[in-house]
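[1] My questions are about this predicted structure, shown below with the sequence.
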Amino acid sequence: MLGAATVLGGQRRASAAPPVAPIASGSHVPALVIGTGYGGSVTALRLAQAGVDVHMIEMGMAWDTPGSDGKIFANTRTPDQRSYWLRTKTKQPLSNFLGFPIDKNIPKYTGILDAEDFAGITVYQGRGVGGGSLVNGGMAVTPQQSRFSQILPSVNASEMYSVYYPRANAGLGVTNVNQSWWENASCYQYSRVGRKHAQRSGFPYVFVPNVYDWSYMEQELAGNVPKSAVNAEVLYGNNHGKKHLQKNYIAQAEATGRVAISPLHKVTSVAPASTGGYTVTVEQINTAGDTVATKTVTADRVFFAAGSVGTSKLLVRLKATGVLPNLNNEVGKGWGDNGNVMCGRANHLWDPTGTVQSSMPTTGIDNWDAGGAFAEVAPLPTGIETWASFYLSITANPHRAEFSWNAATGKVDLSWQTSWKQSSITMAKTIFDKINKKEGTIYRTDLFGVYKIWGDHLTYHPLGGAVLNKATDNHGRLHGYPGLYVMDGSLIPGNTTVNPFVTITALAERNIENIILNDLA
Ligand code: FAE
């Protein structure tokens, strides 16, 4: 159990918190949190500090035990069963290399990255204690304040920028790379090539903060400590320098002695209890994904923090099947992909991007105001020289999709259409067409299929589905059910103009403060 130990820079140390047993059927908890990502971790810590006992339910694994190779997490060059959530074949975001498919067969296992397929989009999400913080690139970006009213129009911006964004950044351990080290670090050659090309075309090139421990990265590049970011560790977890939530919010929450976590437990129902509060049904699963026990517990308050997709799917199904009929009609609406679209560019032979590429991006091209795109200069940590520049663009894609209950299949559908990505492609092209013209270069066509330029089939940044001030009040209280709250990315209506987790964390900090003050006093 995570309660027994905390992972620090790859070293394990005993913490004061005793080992915790998984939740028992029939038990009662004052606060039950569904999911252990950003929203859930903030919620658990702040409730515990306010004196409330909390149980966190997490469908993924604890990720606290090394595999047969001595490592907790696999890297992107050698994906294995740890890498994917209940798949028998990898589904790598870059599916091809030099046109050849690179996915491979793996044993079915409760691995760390879920590539969840809907009809028009594959949504990548982290599974395990720490949620998306386990798999992401650590880019910790606060949006420009001038753009905040586009993101969360009902939220007081000056309060967010003076109180909650600073609180979130401090809680997450966000820092900037040492630029003089960066200028000479071989692992950021790809970013410097990205800068040169962006600046020659007149685009603003910005450094973005990250949650990676930079002194650890300096040491790993120098060969003094086990390699992590410079050993292609991202997407499937990071064994050392990344400060994922297990190292900050969750460690602090457990240290209060008031927070327990049940990994490999999935919430399937939340219903009003006749005695007040809520009855929560939880399925315990094994690492093959089979249900091994079904438990029923009661909770005074339930905090939905299962991520945009997880929370939306639960709420839409519970409303449609009559379990929570009083949820309003905004539930399931306002979902967007943060305008994600990927592409690569083929550089000239005199512009190598490096054989060792840090998996933690540090820079971006900000063409939001002029062209609706913010492009993160991303690594391609293949271990060989590719002469490729690779980008994940966040764009102002205007389309919003809706989750709906499909009684015939017994599943929740999402109305997103692949063709809607054309808006994102058009916006990303405002950057890359210009750079290609200036540099005399072309797009890579071998990374997403055979002769396919755009990675337009996926998102890393699902947002919305239980939008703030629509499905909930202006602090995440679900309409129709006192004591039910939404605390995660589903509150944000589809776009954050930059990478989303700092905004999700800051919004959760803001909302839980208000909830503790007004609902728990
Ligand atoms: P999230 O972190 O997804 O946590 C939800 C948790 O709930 C997960 O652990 C689930 O397993 C769990 N769960 C779901 N359903 C249930 C259920 N029924 N019962 C129990 N547990 C359940 O939600 N964002 C950035 O800002 N910067 C980046 O560099 C970045 N890179 C990314 C790279 C990748 C490959 C991916 C996939 C995402 C990336 N993101 C990045 C997005 C970021 O990780 C994401 O927005 C947040 O993790 C969302 O936080 P939430 O708290 O909403």
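    Looks like it arrived, so ask away.

[2] and the next element down the chain from the biggest strand by length in the chain?
    Counting residues, the longest strand found in the chain (DSSP state E) is strand 291-304. Remark: after strand 291-304, the chain's next helix or strand is helix 307-320, criterion DSSP states H and E.

[3] Who are the packing partners of that following helix?
    Applying 3 or more Cβ pairs under 8 Å, 6 or more residues apart in numbering; DSSP states H and E, one finds that helix 307-320 contacts strand 28-34, strand 122-126, strand 265-272, strand 291-304, strand 403-406, strand 411-414. Where you see a C-beta, it was placed from the backbone N, CA and C, and this is true even at glycine.

[4] between that helix and strand 265-272, how many degrees?
    On the basis of axes from the mean of the first three to the mean of the last three Cα atoms, to 10 degrees, helix 307-320 is oriented at 40 degrees to strand 265-272.

[5] Helix 307-320: how far from the chain's middle?
    Its chain's average C-alpha position is 17 Å from that of helix 307-320, according to Cα atoms, centre = their mean, to the nearest Å.

[6] ok, back up a step: quick one: strands adjacent to the longest strand of the chain?
    Within its sheet, strand 291-304 is paired with strand 28-34 (parallel), strand 278-285 (antiparallel), strand 484-486 (parallel), according to DSSP bridges.

[7] Could you list the buried residues of the first one?
    Pointing back at strand 28-34 there. Neighbour-count burial for strand 28-34 flags Val29, Pro30, Ala31, Leu32, Val33, Ile34 (criterion: 16 or more other Cβ atoms under 10 Å).

[8] wait, which of those residues is closest to the ligand?
    Using Cβ to the nearest ligand atom, Ile34 is the member of the buried residues of strand 28-34 that lies nearest the ligand, at 5.1 Å.

[9] list the contacts for the residue nearest to Ser191 when sequence neighbours are not counted?
    The shortest distance from Ser191 to any non-neighbouring residue, by Cβ to Cβ, 6 or more residues apart in numbering, is to Thr363 (4.8 Å). When contacts are counted by Cβ atoms under 8 Å, 6 or more residues apart in numbering, Thr363 is found next to Ser191, Gly194, Arg195, Tyr205, Val206, Phe207, Val208, Glu376, Val377.

[10] Spatially nearest residue to the residue of the stretch 101-250 of the chain found nearest the ligand (excluding sequence neighbours)?
    In the stretch 101-250 of the chain, the residue found nearest to the ligand is Gly132; the distance is 2.0 Å by Cβ to the nearest ligand atom. The shortest distance from Gly132 to any non-neighbouring residue, by Cβ to Cβ, 6+ apart, is to Gly126 (4.1 Å).

[11] residues near that neighbour, how many?
    Gly126: 27 surrounding residues under other Cβ atoms under 10 Å.

[12] Model confidence score at it, please.
    Gly126 carries a pLDDT score of 98 in this model.

[13] That one pairs with what?
    In beta-bridge terms (that is, DSSP bridges), Gly126 pairs with Leu113.

[14] For the remainder of this discussion, apply numbering that starts at 806.
    All right, first residue 806 from here; so that's Gly931.

[15] So the residue of the stretch 906-1055 of the chain closest to the ligand belongs to a helix, correct?
    Yes. Assessed with DSSP: H, G, I helix; E, B strand; the rest coil, Gly937 lies in a helix.

[16] Could you say which helix or strand holds Val1182?
    Here Val1182 is assigned to strand 1178-1183, by DSSP H and E.

[17] And the next helix or strand past that strand?
    Next in sequence after strand 1178-1183, counting helices and strands by DSSP H and E, comes strand 1193-1200.

[18] contacting residues around that following strand?
    Identification of contacts with strand 1193-1200 by Cβ under 8 Å, 6+ apart yields 995, 998-999, 1002, 1143-1152, 1158, 1170, 1177-1185, 1228-1229, 1232-1233, 1236-1237, 1249, 1252, 1265-1266, 1300-1304.

[19] Which ones among those residues also lie next to the ligand?
    When those are checked against the ligand using Cβ under 6 Å from any ligand atom, the ones in range are Tyr1265, His1266, Asn1304.

[20] measure the last one to Ala855 for me?
    Translated: Asn1304. According to Cβ to Cβ, to the nearest Å, Asn1304 stands 29 Å off from Ala855.

[21] coming back round to it: what remains of the contacts of Thr1168 if I keep only buried residues?
    Buried among the contacts of Thr1168 (16+ other Cβ under 10 Å): Ser996, Gly999, Arg1000, Tyr1010, Val1013, Glu1181, Val1182.

[22] circling back: now the residue of the stretch 906-1055 of the chain closest to the ligand: how far from Val1016?
    Gly937 is 12 Å from Val1016, where distance means Cβ to Cβ.
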